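> Quick one: sequence and predicted model below, then my questions.
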Amino acid sequence: MSIFFELLSAINNPDQQANITQLSAIARTIQQVAQTHHLQPDAMQNLVSALSRAIGPALQKQGDKLGPDQLTKLVSKLAGENGASLVQSIISPQMMQQLSQIVGQKTGIDSAVILNALPTLLPTLMQILDLGRTTTGSSQNPLLAAFLAQGSHADLGEVVKFTDRLLGPVPPVGAEASSGAY
């Protein structure tokens, strides 16, 4: 099952935390990153795809070391409010540089742009994966499990593409109030 369909399943499952509001917020963040770094939607999707393929094996290794319950908790922490600072405390500047160069080679996007976007994009990708976490107190996360099962073929870029199709254009933060609707 593709990651996007696993995400839709999580949205439709009351025992998982995913909802359209959260998905819209994630889409808005990705759009803001694209706008900030002057990336077209296709380039942004390619960036997310390459980045998710690069982090998939790293998350799998962490899962093998920590176990699935602890990995789910780690992803939740990285997806949380302090995700950007946690990511930067876990991933050294040298590793961030290497990651940006690898993703840059695969996408053709300047590695400096990618390096600047990583502190926002990595927690955002963790937010996508965290949407599959259960609300029943269990630490199971079928969405994260599906992502890990795909290994280096895991592609969150498809989530970006299909989310854009599902939600249509997501208005920027604050635009809802100024839309002119009565």
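That came through, no problem.
> got the residue ranges for the helices in this protein?
3-12, 20-36, 41-66, 68-79, 83-90, 93-107, 111-130, 142-149, 157-167 (DSSP state H).
> State the pLDDT value of the residue nearest the centre of the chain.
In the chain, the residue lying closest to the centroid (Cα atoms, centre = their mean) is L125, at 1.4 Å. L125 is assigned 95 on the pLDDT scale.
> if we can go back for a sec, okay if I get the helices of the chain as CSV plus distance to T136?
Yep, even glycine has a C-beta here, placed from its N, CA and C like the rest. Output for the helices of the chain, formatted as CSV (distance: least, Cβ to Cβ, whole Å):
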stretch, distance to T136
helix 3-12, 13
helix 20-36, 18
helix 41-66, 21
helix 68-79, 13
helix 83-90, 23
helix 93-107, 34
helix 111-130, 15
helix 142-149, 12
helix 157-167, 24
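> Counting neighbours, what do you get for G137?
The number of residues packed near G137 is 5, by other Cβ atoms under 10 Å.
> backbone phi and psi for it, please?
Backbone dihedrals for G137, given as degrees, to the nearest 10, come out at phi 90, psi -10.
> got a pLDDT number for it?
Value for G137, per-residue pLDDT: 72.
> tell me the contacts of the residue lying closest to I90 once chain neighbours are set aside?
Nearest non-adjacent residue to I90, counting by Cβ to Cβ, 6 or more residues apart in numbering: L78, 7.8 Å away. Going by Cβ atoms under 8 Å, 6 or more residues apart in numbering, L78 touches 86-87, 90, 122-123, 126.
> quick one, what contacts A112?
S100.
> make it 10 Å
37, 97, 100-101, 104 (Cβ atoms under 10 Å, 6 or more residues apart in numbering).
> roughly how far apart are it and Q60?
Counting by Cβ to Cβ, to the nearest Å, the gap from A112 to Q60 is 28 Å.
> ok, now A54?
12 Å.
> Quick check: neighbours shared by those two?
152, 154.
> Per-residue pLDDT of Q40, please?
On the pLDDT scale, Q40 gets 93.
> Pull the contacting residues for S2.
8, 146, 150, 155, 158-159, 162.
> Just flag the most distant two among those residues.
Across those, the longest distance by Cβ to Cβ is 16.4 Å; it joins L8 and Q150.
> residues near I20, how many?
11.
> Tell me who's in contact with it.
11, 163, 166-167.
> between those residues, which is nearest L74?
Of these, the one sitting nearest to L74 (Cβ to Cβ) turns out to be I11, at 22.9 Å.
> Do you know the pLDDT at the closest residue to the closest one other than its chain neighbours?
Spatial nearest neighbour of I11, excluding adjacent residues (Cβ to Cβ, 6+ apart): A18 at 4.6 Å. pLDDT recorded at A18 is 91.
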